[in-house]
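S.K.: sequence and predicted structure, then a few things I'm wondering about:
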Amino acid sequence: MSAIKRIFGIVWALMGVGIVPLVIKQAMKEIAAKPSEENWIFWSIVIVVLMPIIAFSLITFGVFALKGEYDTLEDI
Amino acid sequence: MAQNVRDVSTNEEVTSTRRVIAASSVGTLIEWYDFYIFGTLAKIISEQFFPKDNPTAALLATLATFAAGFVIRPFGALFFGRLGDLIGRKYTFLVTLVIMGGSTFAIGLVPGYKTIGFFAPAIVFLLRLLQGLALGGEYGGAATYVAEHSPEGKRGFWTSFIQTTATLGLFLALGVILIVRQTLGVETFGDWGWRIPFILSAFLVAISVFIRLRMSESPLFVKMKKEGKTSANPLAESFKQKDNLKMVLIALLGATAGQGVVWYTGQFYALSFLQNACNIEFVQSNFIISIALLIGTPFFIVFGALSDKIGRKYIMMAGMLIAVIAYRPIYTIMYNDANLKNKVEVVEKKDVKIKNAVKGADSLITTITTKTFTDGTTFKETVKAKFPVDPALKAAMSKEKLKPETKKEVTLPKDLYYKMIGLVLIQVIFVTMVYGPIAAFLVEIFPTRIRYTSMSLPYHIGNGVFGGLVPLISTRLVEATRPGPGLPPADPLAGLWYPILIASVSFVIGSLYISNKTNNLDA
């Protein structure tokens, strides 16, 4: 179980890293296509609030998992 | 004799715990009520304080809805969580209650935009921020306080009463608004009657403060303080120390994020879907949600109690997994049952009424079309078209302002109405599975010295940010499937991908990393 926890750690960390360019690229694409106030507000909320939380928490969590920090927690 | 003494002592403990739960729950319920009346009356508040023709006010309206809903709540969690770990639970969540009640009451008294101009939206915006701040501090305090009074092996059961308050608060808000609206009439309610639910909050809070003042501090906190073991810096201990930070992350990613989206989907998104995607009539859609909430609420306690026996993790993860699997089938049935394309019209019952009224310089033509279908469904379409009498005025008006307003209302027959209640109820059951045991889970993974701070932040990020964004992101996902302006979306269920994705990730993380073992609370 510990091995699975560690391997998945890489997945979480990569997800956290990957989400940043993905969100920014999508925001730029949509704002360029339609630069409305509504679009700006939506993407500002996603980029300023949601994305940093997801990226930071997944990367940190993934690194902890990879280092075996969660190995000691009782399985199942 | 010894047995009698033990029985009396046990009875006193039970009575005392009940009093603690009642006092904590009533206060938390009132805080949720305060928070929800703003959201429920968002349209009227927007008309009164945030006129659309003023862009700054309109921006403030959006921020008031979202910022206080999610950005401020985690800050409240940090601010009051720290206080709660430093000076005690009782006084901290008493302060949050007073702030929430005071700001809600004040919103009810703020003069409208027409009277004091830009000050109106600015004041309301600040008061809404205070509401969010107070809510961020309240829940963690109440859950911690009740948990620290609860006997071992019953913590899930006792804290589940706190878990019912968010749903009951919403229910109370809807109930009070409906009663006041029905009593005063729609016009008076829109004029000034909407202020009553806000002003009423002052009385509710006064009662709750009176009850809470008579409560004693959490026994675990008192013991810890006596022993000099309280934390000097709860924020640093909670989020800078690796051992605790890793538990904060597991609580957020493996539990509260998934719980937040399931909670918002089952209660708020379901209502929005009924009203916007299915066009179910306003009162009927609100009744569908209210009845499902009322029937589903006891399940918070059922699953809270069950978590004492089989563990918190199994129930929460099962709730997330079933929700992920069942959402699309449930919403497909809801959509199809209300979709008029699947119904046969009784053509001879079709009725069209046209009214022409002159109001000021405008001529307003209202066309009401009523259709009846063989299964008993009725459909009413109201189209209001404005025609300015003055041709110069007409030429000056934008196309947008001249566009007719269309309102579609579907009223379901009894059998489909009950079926819809059942479908929403299933979603409320998912909510109770993930939410019922979560307070006990959160308090058990953090030490007493920093519990209030540590549990409040992941809870409010999970609920406020991940959950609170469900309406915004889901609406956006549906809009993205719309082939063109005015055309129906290609996939009206696309909005479900956001909660499904978040709950799936949460389920995998929770299943892999969370322990099902229930921990004792240290002192």
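M.R.: Structure received. Numbering: from 1, shown residues only, chains lettered A, B, ... in the order given.
S.K.: name the element the residue nearest to B:Leu235 when sequence neighbours are not counted belongs to?
M.R.: Excluding its sequence neighbours, the residue lying closest to B:Leu235 (C-beta to C-beta, 6 or more residues apart in numbering or on different chains) is B:Arg82, at 5.4 Å. For glycine as for every other residue, the C-beta is placed from the backbone atoms N, C-alpha and C. B:Arg82 belongs to helix B:72-86 when assigned by DSSP states H and E.
S.K.: do the same with B:Gln163
M.R.: With DSSP H and E as the test, B:Gln163 turns up in helix B:155-184.
S.K.: buried ones in that helix?
M.R.: B:155-174, B:176-177, B:180-181, B:184 (16 or more other C-beta atoms under 10 Å in any protein chain shown).
S.K.: that helix packs against which elements?
M.R.: If you count contacts as 3 or more C-beta pairs under 8 Å, 6 or more residues apart in numbering or on different chains; DSSP states H and E, helix B:155-184 packs onto helix B:2-40, helix B:119-149, helix B:195-213, helix B:282-296, helix B:298-310, helix B:414-435, helix B:438-445.
S.K.: got the contact list for the last one?
M.R.: Helix B:438-445 has contacts (C-beta atoms under 8 Å, 6 or more residues apart in numbering or on different chains) with B:143-144, B:146-148, B:155-156, B:159-160, B:162-163, B:247, B:250-251, B:255-256, B:259, B:304, B:307-308, B:312-313, B:316, B:451, B:455, B:458-459, B:514, B:518-521.
S.K.: most packed of the helices and strands packed on helix B:155-184?
M.R.: Ranked by mean neighbour count, these are led by helix B:438-445 with a mean of 27 (mean count of other C-beta atoms under 10 Å in any protein chain shown).
S.K.: now do that one, average pLDDT.
M.R.: For helix B:438-445, mean pLDDT rounds to 93.
S.K.: how is chain B partitioned into domains?
M.R.: B:1-230, B:237-340+B:411-523, B:347-410 (automatic domain parsing).
S.K.: ok, which of the ones you listed comes nearest A:Leu50?
M.R.: A:Leu50 sits nearest to domain B:237-340+B:411-523 of all those, at 6.3 Å, using C-beta to C-beta.
S.K.: what sits closest to B:Thr382 if chain neighbours are left out?
M.R.: Using C-beta to C-beta, 6+ apart and skipping the chain neighbours, the partner closest in space to B:Thr382 is B:Lys407 (4.5 Å).
S.K.: what's near enough to touch that neighbour?
M.R.: With C-beta under 8 Å, 6+ apart, B:Lys407 has these contacts: B:Glu381, B:Thr382, B:Val383, B:Lys384.
S.K.: let's see it at 10 Å
M.R.: B:Lys407 is in contact with B:Asn279, B:Phe282, B:Ile368, B:Lys380, B:Glu381, B:Thr382, B:Val383, B:Lys384, counting by C-beta atoms under 10 Å, 6 or more residues apart in numbering or on different chains.
S.K.: next one: B:Val344
M.R.: Per C-beta under 10 Å, 6+ apart, neighbours of B:Val344: B:Phe373, B:Thr374, B:Asp375, B:Thr377.
S.K.: so which of the residues you listed wins on neighbours?
M.R.: Comparing the contacts of B:Val344 by number of neighbours (other C-beta atoms under 10 Å in any protein chain shown), B:Thr377 comes first, having 22 neighbours.
S.K.: and the gap between it and B:Val283?
M.R.: As for B:Thr377, its distance to B:Val283 is 16 Å (criterion: C-beta to C-beta, to the nearest Å).
S.K.: follow-up on the earlier one: specify which member of the contacts of B:Lys407 is nearest to B:Leu412.
M.R.: Of the contacts of B:Lys407, the one sitting nearest to B:Leu412 (C-beta to C-beta) turns out to be B:Asn279, at 10.6 Å.
S.K.: tally of neighbours for that closest one?
M.R.: Applying other C-beta under 10 Å, we find 19 residues neighbouring B:Asn279.
S.K.: hmm, it is touching B:Ala338, no?
M.R.: Yes. With contact defined as C-beta atoms under 10 Å, B:Asn279 counts as touching B:Ala338 (6.9 Å).
S.K.: what residues do these two have in common as contacts?
M.R.: Residues touching both B:Asn279 and B:Ala338 (C-beta under 10 Å, 6+ apart) are B:Ser285, B:Phe379, B:Val410, B:Thr411.
S.K.: biggest separation within those, which pair?
M.R.: Every pair of those checked by C-beta to C-beta; the farthest is B:Ser285 and B:Phe379, at 14.4 Å.
S.K.: how far off centre is the helix holding B:Gln163?
M.R.: Offset of helix B:155-184 from its chain centre (C-alpha atoms, centre = their mean, to the nearest Å): 10 Å.
S.K.: tell me the SS of B:Glu152?
M.R.: At B:Glu152 the chain is in coil, as set by DSSP: H, G, I helix; E, B strand; the rest coil.
S.K.: tell me, how many residues neighbour the closest residue to B:Val383 other than its chain neighbours?
M.R.: Spatially, and ignoring its direct neighbours in sequence, B:Val383 is nearest to B:Thr367 (4.6 Å; C-beta to C-beta, 6+ apart). Using other C-beta under 10 Å, B:Thr367 is surrounded by 16 other residues.
S.K.: related to what we said a few turns ago, ok, and the most crowded of the contacts of B:Lys407?
M.R.: B:Asn279 (19 neighbours).
S.K.: so how far is chain A from that residue?
M.R.: 23 Å (C-beta to the nearest C-beta, to the nearest Å).
S.K.: do the same with B:Pro121
M.R.: In terms of C-beta to the nearest C-beta, B:Pro121 sits 16 Å off from chain A.
S.K.: per-residue confidence at the closest residue to chain A within the stretch 101-250 of chain B?
M.R.: Closest residue of the stretch 101-250 of chain B to chain A, C-beta to the nearest C-beta: B:Leu249 (4.4 Å). On the pLDDT scale, B:Leu249 is placed at 96.
S.K.: so it touches A:Ile54, yeah?
M.R.: No. Under the criterion of C-beta under 10 Å, B:Leu249 makes no contact with A:Ile54, lying 11.7 Å away.
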